[in-house]
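# I would like to see how this sequence folds:
(chains A and B)
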There are 2 protein chains.
Amino acid sequence: MVEIVGSAHAIADPDAQSPYLHELRGLYVGKTPLVLRPASTREVAEILAIANEARIGVVPQGGNTGLVGGQTPSPDGSEIVLSLSRLDRVRAVDAQGGTMIVEAGVTLAAAQEAAARVDRLFPLSLASEASCQIGGALATNAGGTGVLAYGNARALTLGVEVVTADGQVWDGLRTLKKDNTGYDLRDLFVGSEGTLGVITAAALKLYPRPAETAVALAALPDIDAVARLFRLAEARGHAGLTAFEFMSRVTLELVTRHIPNSKLPLRTPAAWYVLLEISSPETGGLADATLQRLLTEASEQGLVTDAVVAASLAQAQALWRLRETASEAQRHEGGSIKHDVSVPVARIPEFIAAASATVERVCPGARPVAFGHFGDGNVHFNVTQPAGMDKAAFLALWSEMAGAVHDVVGALSGSISAEHGIGQLKRRELLRFKSPLEIALMRKIKAALDPHGILNPGKLL
Amino acid sequence: MVEIVGSAHAIADPDAQSPYLHELRGLYVGKTPLVLRPASTREVAEILAIANEARIGVVPQGGNTGLVGGQTPSPDGSEIVLSLSRLDRVRAVDAQGGTMIVEAGVTLAAAQEAAARVDRLFPLSLASEASCQIGGALATNAGGTGVLAYGNARALTLGVEVVTADGQVWDGLRTLKKDNTGYDLRDLFVGSEGTLGVITAAALKLYPRPAETAVALAALPDIDAVARLFRLAEARGHAGLTAFEFMSRVTLELVTRHIPNSKLPLRTPAAWYVLLEISSPETGGLADATLQRLLTEASEQGLVTDAVVAASLAQAQALWRLRETASEAQRHEGGSIKHDVSVPVARIPEFIAAASATVERVCPGARPVAFGHFGDGNVHFNVTQPAGMDKAAFLALWSEMAGAVHDVVGALSGSISAEHGIGQLKRRELLRFKSPLEIALMRKIKAALDPHGILNPGKLL
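Purely as a prediction, here's the structure:
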């Protein structure tokens, strides 16, 4: 397969392979005979055709920013890594039609920029957007902070180009708003974590860019106040409510402690903080006025004890940075056991209470660092080790802790993976929370589309 | 299988069967030994388990309003009709969470009412809403007039309960906003036209009800003006633009001629008409003011030559009725060959011109009756027979006419079925417009989930 991509793009040297074999959290390390870096859909197809014939496992990889080990090959060294990074062309941008076609290796930031250059918004937004790639974002149906107003990666996808397990190219790059001609293959490939086909390009939806945006950070006395503020913000902000991110006190304490130049711009500490963003399609101060009115009303109702509204773009970015560095800040406090879960929005307070009690039971002194996308019901319920505890000893509790937290999620009819996917990390847990029938249906589809099981083996299913 | 539902609900008498065997357009007539009317998901499951064992074809049917023959059994009398009408319970409505769970046999109108009773909006809206049912609406991924602002049936579905071909019940009734745990089975069943499983219940999204709605009918000189008015309406109305329906002059001529108590409330005839609706989440006259401003601006730009804004709910309903009876009005003019197609929005003018020329070529004197959901790129390009022509002779041109119009659609990268589905009507055309690979992928999925081919045989694939 080396000749398909050329020897310069077939990496066999272990040192040069290293960036492809280690992932961010250090939970998984893989081994591979070859990292292949094809330059085109055609080359991807040729590689898969051979791999399928030879029954060689292929692990598709984008920006290698996934958090569940979906992009890491097996440590047994039997699988090839297929990096999509060189498929990095923006094929077309149609500002008026509100669509663009980009290849899998285009970074999310580059896709956002391609839209911005024609005065449009591609609203998918993640902490890893500088390095994560469109192919991976779609393969994992990525979420992020824009989901509340615009939906997740699946909702933003009009069509996909996919190379099948046996190396055929499906051109599903449609840009139509309506198309009822057969099974929804697009949505089957999106979110399948590279186990059903390799996404090589996508047709994406673009939106008008908000003319004005107003951002605030609010302090709240308890999680019920967060829930009530969300309902108020929905009622007053309508479609203009473009972000409602919540963070616990501990979350912001870690951020201000460990992230350089970060500072809490509020006078008194509070139990919870919410980052609110209101956008307006027209200029004239509507976004700011709506946000100010909302905060005044919330304050009168006792929901908000303190708040700051960004007076400049720089201040708005500083507020956003407090939220975006929440995960990074935790790394400086030793081990962290992460849960990316969702529950019905109204049940978030119940979840926080029950999950916090669970953590204290499994590991007294461990610190829940809860934050996330309140309006999506999505909590990043991360747990930082007790101060002074041995990191390895804490991380050894991962299964027990995650199992107990997931039990809480299950009891509240939630999901054990809101936006990160299953990968390797939650593969066994999946079997606990899905019915045998749903697992069987998924396996039938997997067997139908990848009969030799060469696509991302050992992931998801 | 009679004992499962009880003899009162197993219809063998041909006269009593008749309503289940004839569809609205009279294009298809089926024959069946039995129409079964189960009362529960459990009964559906028991019927399918037996049918799967015995290799008996089963045709799921809702309100029998489909327009492509998807709900009609084969004329060879070998298939059972499975009517879902008795599964008509609203299982749960959660106003605050913005979700409801309804069974397949609930009519769309009853689902809308269940939402309205708790001051919420279920925005799916079709001409057939009084009799079409949720199961059928989801199985065909129905569209309608609300798609512009709220999306089609798929976009409004959070979860489904499905009975599989072998009679197992998949409880996929989730009400979560985010859930990244495996393949998107929900969206695979939605739109599969009863060929992969039988939808017995669905969890649906609810929205806040607009506080105010303003409706206008505008007259426009040409189709380019319609396109420009749409862009202006998007720019001024934003998320508040909840309908933009267009109709040709001939369309409204047929409506005012044949529909009792219908009258065109504009002084001078025009080439095109647009029904606009602007909604506002708050009271205070914003919707009306926005609509008036938009029409003034459009008039100044020469896009609109005349317009009327509804001054009362009754007037608004009368304007909507002009649009909703467009299909019905055609029936009084003899034969009609229908095309439910979509193209990229910007290419609608091109489509109208080319498709009209095509019609004149295939059948000189035939009258294009074009209307539909402009903002979705969705044209109901129906063709009424020339006055005085023999109806049967005209309808004999169906394949030739449809093939030629679909060729125009294909050349513009459009879809031969925007919202009605494939059913029996477009099954052969599907093979012309899909790649062999896409057909093969669909067949693999069909074989995986319905290995004996008992579910809605001869439909879609």
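# what's the neighbour count on the residue in the stretch 201-350 of chain A positioned nearest to chain B?
Proximity of the stretch 201-350 of chain A to chain B (Cβ to the nearest Cβ) peaks at residue A:239, 3.9 Å away. In this view, the C-beta of every residue, glycine as well, is placed from N, C-alpha and C. Burial of residue A:239 is recorded as 14 neighbouring residues (other Cβ atoms under 10 Å in any protein chain shown).
# What ranges does the stretch 151-300 of chain A have for its strands?
Counting by DSSP state E, counting those that start in this stretch, the stretch 151-300 of chain A has strands at residues A:157-163, A:169-172, A:198-205, A:207-208, A:212-220, A:241-248, A:272-280.
# Listing partners with orientation, what would you give for the last one?
Partner strands and pairing direction for strand A:272-280 (DSSP bridges) are strand A:212-220 (antiparallel), strand A:241-248 (antiparallel).
# The fourth one too?
Strand pairing for strand A:207-208, using DSSP bridges, gives strand A:120-121 (antiparallel).
# Check which element follows the strand it pairs with along the chain.
For strand A:120-121, the succeeding helix or strand toward the C-terminus, using DSSP states H and E, is helix A:134-139.
# Check the average confidence over that following helix, would you?
Helix A:134-139 carries an average pLDDT of 98.
# Give the other helices and strands that it contacts.
Using 3 or more Cβ pairs under 8 Å, 6 or more residues apart in numbering or on different chains; DSSP states H and E, the elements in contact with helix A:134-139 are strand A:58-61, strand A:99-103, helix A:108-117, strand A:198-205.
# hmm, 6 Å instead?
Here helix A:134-139 touches strand A:198-205, going by 3 or more Cβ pairs under 6 Å, 6 or more residues apart in numbering or on different chains; DSSP states H and E.
# the inter-axis angle of the strand it packs on versus helix A:108-117?
30 degrees (axes from the mean of the first three to the mean of the last three Cα atoms, to 10 degrees).
# near chain B, anything from strand A:198-205?
No. Strand A:198-205 stays clear of chain B (Cβ under 6 Å from any Cβ of the partner chain), getting no nearer than 10.8 Å.
# ditto for stretch A:174-186
Yes. Using Cβ under 6 Å from any Cβ, stretch A:174-186 reaches chain B at A:175-185.
# before we move on, the earlier item: let me have the strands paired with strand A:272-280 in a markdown table, extended by mean neighbour count.
Listed next are those as a markdown table, based on neighbours: other Cβ atoms under 10 Å in any protein chain shown:
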| stretch | mean neighbour count |
| --- | --- |
| strand A:212-220 | 23 |
| strand A:241-248 | 24 |
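# for residue A:348, what are its contacts?
Residues near residue A:348 by Cβ atoms under 6 Å, 6 or more residues apart in numbering or on different chains: none.
# can you check residue A:273 too?
Contacts of residue A:273 (Cβ under 6 Å, 6+ apart): A:219, A:247, A:252.
# Any regions of the stretch 151-300 of chain A where pLDDT drops low?
The stretch 151-300 of chain A contains no residues with pLDDT under 70.
# Tell me the buried residues in stretch A:397-415?
A:397-398, A:401-402, A:404-410, A:412, A:414-415 (16 or more other Cβ atoms under 10 Å in any protein chain shown).
# Tell me if that stretch is near chain B.
Yes. Shown here: stretch A:397-415 in contact with chain B (Cβ under 6 Å from any Cβ) through residue A:415.
# Now do that stretch, average pLDDT.
Stretch A:397-415 shows a mean pLDDT of 97.
# What separation is there between the closest residue to residue A:107 other than its chain neighbours and chain B?
Counting by Cβ to Cβ, 6 or more residues apart in numbering or on different chains, the nearest residue to residue A:107 once its immediate chain neighbours are dropped is residue A:133, at 5.6 Å. Distance check for residue A:133 against chain B: by Cβ to the nearest Cβ, to the nearest Å, it reads 17 Å.
# How about the contacts made by residue A:133?
Per Cβ under 6 Å, 6+ apart, neighbours of residue A:133: A:62-63, A:105, A:107.
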